[in-house]
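In: Provide a 3D model corresponding to the input given below.
(chains A and B)
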Amino acid sequence: GAVVSQHPSRVICKSGTSVKIECRSLDFQATTMFWYRQFPKQSLMLMATSNEGSKATYEQGVEKDKFLINHASLTLSTLTVASAHPEDSSFYICSARDPQAGGVGEQYFGPGTRLTVT
Amino acid sequence: GEDVEQSLFLSVREGDSSVINCTYTDSSSTYLYWYKQEPGAGLQLLTYIFSNMDMKQDQRLTVLLNKKDKHLSLRIADTQTGDSAIYFCAEKGTGGFKTIFGAGTRLFVKA
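Out: Below you'll find the predicted structure:
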């Protein structure tokens, strides 16, 4: 099946620094990518939807100045957590949609990035 | 808005069947999914069912859909310790692009 990678898989940073997480679709062109956040023992919360070449659409309650999303190419989307604080510590998962696939399972998930802010 | 609910925890003995239940609210859902998440990993699509189907079987997995009651279940036959994971029920929302997830059911398989 299609593969989506994320980098880094784990990152520890100091409070106040910015962290960039990359999401790549490895064998298909993803016109749409999604960023999710998962708290321990909780479900995935959709943060934003990004379409290649246009601004991301953020879900209600997600600070767009805090979580900067760039979808510069059909295979790469980045999430930058600006001025990270301990409450931003979480598991961030990206997902990419393959428009060539059918309506079933065309959303492929990355392995996730665990962010710890100290 | 759309909502997906599922029980949070299930414990079974190895070799028994596991049944994980889910309810959803969006009557216009087109696809319903079951994802598996192992510790520290991303989500793996296990199986799916189209909304005009009642049942789908795929090896050890059986999905049942009661569209009238908006109830979805996943049955895992002959559950193994390797099946221990979190199972997420999800539905494709009315927007067509968004996938709405339940909170996940943690399946614990006792040897």
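In: need the pLDDT of residue B:96.
Out: Predicted confidence (pLDDT) at residue B:96: the value is 58.
In: how about residue B:93?
Out: 64.
In: which strands border the helix or strand containing residue A:72, and is each parallel or antiparallel?
Out: Using DSSP states H and E, the element containing residue A:72 is strand A:67-73. With DSSP bridges as the test, strand A:67-73 is paired with strand A:76-81 (antiparallel).
In: contacts for the partner strand?
Out: Strand A:76-81 has contacts (Cβ atoms under 8 Å, 6 or more residues apart in numbering or on different chains) with A:18-24, A:30, A:33, A:35, A:47, A:50, A:66-72, A:88, A:92, A:94, A:96, A:115. Any C-beta I mention is one placed from the backbone N, CA and C, and that applies to glycine too.
In: for it, buried residues please.
Out: By 16 or more other Cβ atoms under 10 Å in any protein chain shown, the buried positions in strand A:76-81 come out as A:76-79, A:81.
In: tell me the first helix or strand C-terminal of the lowest-mean-pLDDT helix or strand in chain A.
Out: The weakest-scoring helix or strand in chain A, judged by mean pLDDT, DSSP states H and E, is strand A:107-109 (a mean of 84). Downstream of strand A:107-109, the first helix or strand assigned by DSSP H and E is strand A:113-117.
In: what is the rounded mean pLDDT of that next one?
Out: 95.
In: quick one: is it near chain B?
Out: Yes: contact of strand A:113-117 with chain B (Cβ under 8 Å from any Cβ of the partner chain) involves residue A:114.
In: ok so, going back, which among the contacts of strand A:76-81 count as buried?
Out: Buried by 16+ other Cβ under 10 Å: A:19, A:21-24, A:30, A:33, A:35, A:47, A:50, A:67-69, A:71, A:88, A:92, A:94, A:96, A:115, out of those.
In: what separation do you get for the nearest residue to residue B:27 once chain neighbours are set aside and chain A?
Out: Nearest non-adjacent residue to residue B:27, counting by Cβ to Cβ, 6 or more residues apart in numbering or on different chains: residue B:70, 6.8 Å away. As judged by Cβ to the nearest Cβ, to the nearest Å, residue B:70 and chain A stand 18 Å apart.
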